[in-house]
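# quick one: sequence and predicted model below, then my questions.
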Amino acid sequence: MKTKSLFLIPALLAGGWLLPESLQAGDWKQFRGPYSSSVASDAAVEPHLNLSKVAWKTSLPGRGLGSPIVVGDRVLVTASSGPRQERLHVMCLRVSDGGKIWERQFWATGRTMCHEKTSVAAPSPVSDGERVFALFSSNDLFALDLDGNLLWVRGLGRDYPNASNSLGMSSSPVVSSGAVVVMIENDSESFSAGIDARTGKNLWKMDRPKLANWTSPTLFKTPQGRELVALQSGKGLIAVEPASGKIAWSYKEGSSTIPSSTAVDDTLLVPSFGLTALKTSPGGTEAEQLWRSSAMRPGTASPVAMGSRVYTLNDAGVLSCAQLSDGKRLWQLRLKGPFSATPVASGKHLFCVNEKGVLHVVDTTAAEGAIVSELELADVILSTPSIAHRSIFVRSDGALWRIGDKS
Amino acid sequence: MNTFSISRLAPLLGVVLCAASLTLQAAPSFKQALEALRATGPEGAGQAQAEQAWRVVAQQKPDKLLAVLSAMNGAHDLALNWLRPAAESIADRAIASGSLPTAALERFSTDFKQHSRARRLAWELIARADMAKAQSMLPKYLGDPGADLRREAIAQVIQAGDQSIKNGQKPEAIAHYRRALTHAREADQLEDLAKKLKEQGETVALAAQFAWVKDWKVVGPFNNLGGVGYDTPFGPETQGLDLQAYEGAQGKVSWIPFAATDDYGTVDFNKPFTKLKGVAGYATSTLVSTKAQDVVIRLGSQNAWKVWLNGKLLFGRDEYHRGREIDQYQLPAKLKKGDNVLLIKACQNEQKEEWTQEWQFSLRVTTPAGEPIRFDTFQRAQLD
């Protein structure tokens, strides 16, 4: 019996069943958080924000749009520096005080040209709880453990030399079933791939529409709990099995190339003809259109769903709320725009940061929505915030803030 | 029941045996580890060995730091990304313990036989421990063959010029800027210096600083409706460059001389052919190289393009109107002694927006280290 128990330990660890609680509850391990929902699962963030709620602010060594991610007591964030943003940084900071635990620097092996509004550190890193995978616009992809040990390196722009976008790439990878799913979609050598999280080798690679595409893959579950990844492009959307790339179902009516789809259990809210809700069939092999709403067209920000409502934010700052059941718009609220970042949600509040660094907190339960506080961070912020430890983590080109719980 | 239990345990046994196997693998020696990092390759090749090797290298004591930096010499860019964080990991501990081998790093940083990026990293490590010392070293790198340290040295001279301006010392400022201009190679520094000197009433031949290839012949238009022209081999690709006329999109077309005389060496097809859409054009120039040499052909374009050197396709890219910048694409190539024929294909798509009207490229040739090469260029006699 004792021997059997010992045998079980590595298998259970591999399955994540015995991971420390700090690595499971409340982590924000990817762009837009758990299942690309933008909704925090742990205790609510204090909504009445002001400068006294800034727990810490840490300088970053370069530019970046990628969201910070939070794994246990660590914040991981990327940046790019140098005259051509050819220097790539992966940093690990303490949640408690923002102090640096480690930093790794690399040189871009792919093209670093991008529009001045974006940067080479546009994609957000992603973690499986043991490792962090950092992708850059140069299509360099690095895997490190949480202590900063380098595990593998890919130069996807080197391996596939016409895979780039002169305006910059921004798709943030997801990780599922042992695969890091990357969308390297562009006008030329356009592809998506599943890369073995353990070895860094391709598990699969598929040609994708030759169209510039800045969306990120969306991880979601079928009714049976099987994880699929939605790959969205101007041609539509395909749902694939992350470990094999096998296509489970397709939606071919076209979709946006900037805001990404949002998952609500087995339903995807796809920026297509405004907003289109697609529900995955019980077998996970097809999708049914539940509704479509031209009134809920998102801007750069991706949609967010909380409870029975869905929210979209246009670039100018109009926040729209609709019923999740049928897409019927309920109210609109004017925020101070312009916006690039996707709102994130905690409790009954949406946290929306505009490009001028004003963090709006919106009570979504008020009759027409209500702004309950505004915090001016006095910096240009294009990056989507993250939520963990009852705090908002938000970054600009030069700084990362923790706002909320100071404990 | 027994069968059931065994079948359930089999995967677990596999995990344990696999773990044991990994544990039993002997760690490579330091030398073997460096070789493993240098041996990584495309699509993840060699990564399994590299993961273990990285830990071996990263855990070395400071006396091995120079060996790690030296291992960058001749390494490809993926290997550099394995070696750099390993070197920094060693340096992190050395800096924390006050045992960074500063003097050896300084000597290494001026050893031009070493990799330019490794030398730059050596300087950065010194800067982390002693910024004042690192700053005092910068004048040594003003003529550095690599761009990585040279850039910092030039920036320091530019700063000196800026300070002279603040102090009202215009002649001194101009002298600093001129000195920096002599050594500058990178586009942003060249443009910055040209602007500063012009503000002081000086003249700067910016195009000459970049050393654009400016003598061309162009021919077009060929059909690119629906983007078909990018992969369609028209006359200049199939019939050679010596014909007087080719079959174009709307009849016979012939080579036309074109001089790229602006500051940015722009070969603008809209000038001879007007603003056409759904078309392709070609440009050719012959570079006379005094020797066989490795070079980098640097091209900027926001049209789809292909480049051939001496009849061999170097690279092509079918992206339209996503932006253009100097040295946007850098193509390693080998020139032979004597005449080297460049052929460029530039395609224009059918977008209508104002920002999609450009149908142009600019091109220059540098050494692998980035020094511009000024060639005698000529147009083939039979084309004149």
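Nice, thanks for sending it over.
# how about the helices in chain A?
Taking DSSP state H as the test, the helices found in chain A are A:2-15, A:156-159.
# lowest average pLDDT across the ones you listed?
Lowest mean pLDDT within the helices of chain A: helix A:2-15, at a mean of 37.
# chain A contacts on the stretch 151-300 of chain B?
B:R151, B:E186, B:D188 (CB under 8 Å from any CB of the partner chain). Every residue, glycine included, has its C-beta placed from N, CA and C.
# right, and the helix or strand after the helix or strand containing the last one?
Just to be clear, that refers to B:D188. Taking DSSP states H and E as the criterion, B:D188 maps to helix B:187-199. Downstream of helix B:187-199, the next assigned helix or strand under DSSP H and E is helix B:206-210.
# what residues does the helix or strand that that following helix is followed by touch?
As assigned by DSSP H and E, the chain's next helix or strand after helix B:206-210 is strand B:215-223. Strand B:215-223 is touched from outside by B:229, B:232, B:234-236, B:246, B:248-250, B:253-260, B:267, B:269, B:272-273, B:276, B:278-285, B:377-379, B:383, with contacts defined as CB atoms under 8 Å, 6 or more residues apart in numbering or on different chains.
# show me where pLDDT drops low in the stretch 151-300 of chain B?
Within the stretch 151-300 of chain B, no range satisfies pLDDT under 70.
# in the stretch 101-250 of chain B, which spans are helices?
Ranges of helices within the stretch 101-250 of chain B are B:102-109, B:116-129, B:131-137, B:147-166, B:170-183, B:187-199, B:206-210, B:235-238, based on DSSP state H, counting those that start in this stretch.
# what's the most buried one of the ones you listed?
Ranked by average neighbour count under the criterion mean count of other CB atoms under 10 Å in any protein chain shown, these are headed by helix B:116-129 at a mean of 22.
# please state the offset of that one from the chain centre?
Relative to its parent chain, helix B:116-129 has a centroid offset of 20 Å by CA atoms, centre = their mean, to the nearest Å.
# tell me the helices and strands packed up against it.
Where contact means 3 or more CB pairs under 8 Å, 6 or more residues apart in numbering or on different chains; DSSP states H and E, helix B:116-129 is packed against helix B:65-70, helix B:77-97, helix B:102-109, helix B:131-137, helix B:147-166.
# what is the rounded mean pLDDT of it?
Mean predicted confidence for helix B:116-129 is 97.
# that helix vs helix B:102-109, what angle?
Between helix B:116-129 and helix B:102-109, the angle comes out at 150 degrees (axes from the mean of the first three to the mean of the last three CA atoms, to 10 degrees).
# related to what we said a few turns ago, give me the contacts around the helix holding B:D188.
Contacts of helix B:187-199 (CB under 8 Å, 6+ apart): A:83, B:151, B:154-155, B:158, B:161-162, B:173-174, B:177-178, B:180-181, B:184, B:203-204, B:206, B:209-210, B:325-327.
# before we move on, back to that, restricted to buried residues, select the contacts of strand B:215-223 in ChimeraX.
Buried residues within the contacts of strand B:215-223, by 16 or more other CB atoms under 10 Å in any protein chain shown, are selected in ChimeraX with:
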select /B:229,234,235,236,246,248,249,253,255,256,258,260,267,269,273,276,278,279,280,281,282,283,284,285,379,383
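# mind checking which of the contacts of strand B:215-223 are in strands?
Within those, residues falling in strands by DSSP state E are B:246, B:248, B:253, B:256-259, B:267, B:279-285, B:377-378.
# circling back: return the distance of the helix holding B:D188 from the chain's centre.
21 Å.
# quick one: list the elements packing against the helix or strand that contains B:A48.
For B:A48, the host element (DSSP H and E) is helix B:47-58. Taking 3+ CB pairs under 8 Å, 6+ apart as contact, the helices and strands that helix B:47-58 lies on are strand A:150-155, helix B:30-38, helix B:77-97.
# so what strands line up beside the shortest one?
Using DSSP bridges, the neighbouring strands of strand A:150-155 in the sheet come out as strand A:140-145 (antiparallel).
# buried residues in the partner strand?
For strand A:140-145, a neighbour-count test (16+ other CB under 10 Å) marks A:D140, A:L141, A:F142, A:A143, A:L144 as buried.
# let me have the residues you listed in CSV, extended by distance to B:A27 and pLDDT.
Listed next are the buried residues of strand A:140-145 as CSV, based on distance: CB to CB, whole Å; pLDDT from 0 to 100:
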residue, distance to B:A27, pLDDT
A:D140, 27, 98
A:L141, 26, 98
A:F142, 23, 98
A:A143, 20, 98
A:L144, 20, 98
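# pull the most distant pair out of those residues.
Using CB to CB, the buried residues of strand A:140-145 reach their maximum pairwise distance at A:D140 and A:L144, which is 12.8 Å.
# between the two ends of stretch B:247-262, what distance do you get?
Distance between the two ends of stretch B:247-262: 30 Å, counting by CA to CA, to the nearest Å.
# can you give me the pLDDT of A:D27?
For A:D27, the predicted pLDDT is 94.
# now the one 5 residues further on
The predicted local distance difference test score for A:R32 is 97.
# and for the nearest residue to it once chain neighbours are set aside, the neighbour number?
Spatially, and ignoring its direct neighbours in sequence, A:R32 is nearest to A:S38 (4.6 Å; CB to CB, 6 or more residues apart in numbering or on different chains). Residues contacting A:S38 under the criterion other CB atoms under 10 Å in any protein chain shown number 30.
# OK, contacts around A:S38?
By CB under 8 Å, 6+ apart, the neighbours of A:S38 are A:R32, A:T262, A:S302, A:V304, A:T342, A:P343, A:V344, A:A345, A:T384.
# if you rank the residues you listed by neighbours, which is first?
If you rank those by neighbour count (other CB under 10 Å), A:T262 sits at the top with 30 neighbours.
# for chain A, what's its nearest residue on the stretch 251-384 of chain B.
As assessed by CB to the nearest CB, chain A sits closest to B:R322 within the stretch 251-384 of chain B, at 3.7 Å.
# reformat the helices and strands packed on helix B:116-129 as JSON lines; add distance to A:P282.
Output for those, formatted as JSON lines (distance: least, CB to CB, whole Å):
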{"stretch": "helix B:65-70", "distance to A:P282": "55"}
{"stretch": "helix B:77-97", "distance to A:P282": "45"}
{"stretch": "helix B:102-109", "distance to A:P282": "63"}
{"stretch": "helix B:131-137", "distance to A:P282": "63"}
{"stretch": "helix B:147-166", "distance to A:P282": "58"}
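# of those, which is nearest A:R74?
Evaluated over the helices and strands packed on helix B:116-129, closeness to A:R74 peaks at helix B:77-97, with 17.0 Å, by CB to CB.
# and that closest one, how far from the chain's centre?
That offset, for helix B:77-97, works out to 23 Å (CA atoms, centre = their mean).
# got the CA positions of it in CSV?
C-alpha atoms of helix B:77-97 as CSV (Å, rounded to 0.1, in the frame of the first residue of the first chain):
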residue,chain,number,x,y,z
ASP,B,77,21.1,33.2,-33.0
LEU,B,78,19.1,30.4,-31.3
ALA,B,79,22.2,29.3,-29.5
LEU,B,80,22.9,32.9,-28.4
ASN,B,81,19.5,32.8,-26.7
TRP,B,82,20.5,29.8,-24.7
LEU,B,83,23.9,31.2,-23.8
ARG,B,84,22.9,34.7,-22.8
PRO,B,85,20.6,33.9,-19.9
ALA,B,86,23.1,31.3,-18.7
ALA,B,87,25.8,33.9,-18.7
GLU,B,88,23.6,36.3,-16.9
SER,B,89,22.6,33.7,-14.4
ILE,B,90,26.3,33.3,-13.5
ALA,B,91,26.7,37.1,-13.5
ASP,B,92,23.7,37.6,-11.2
ARG,B,93,25.5,35.6,-8.5
ALA,B,94,28.9,37.1,-9.2
ILE,B,95,27.5,40.7,-8.9
ALA,B,96,25.6,39.8,-5.7
SER,B,97,28.8,38.4,-4.2
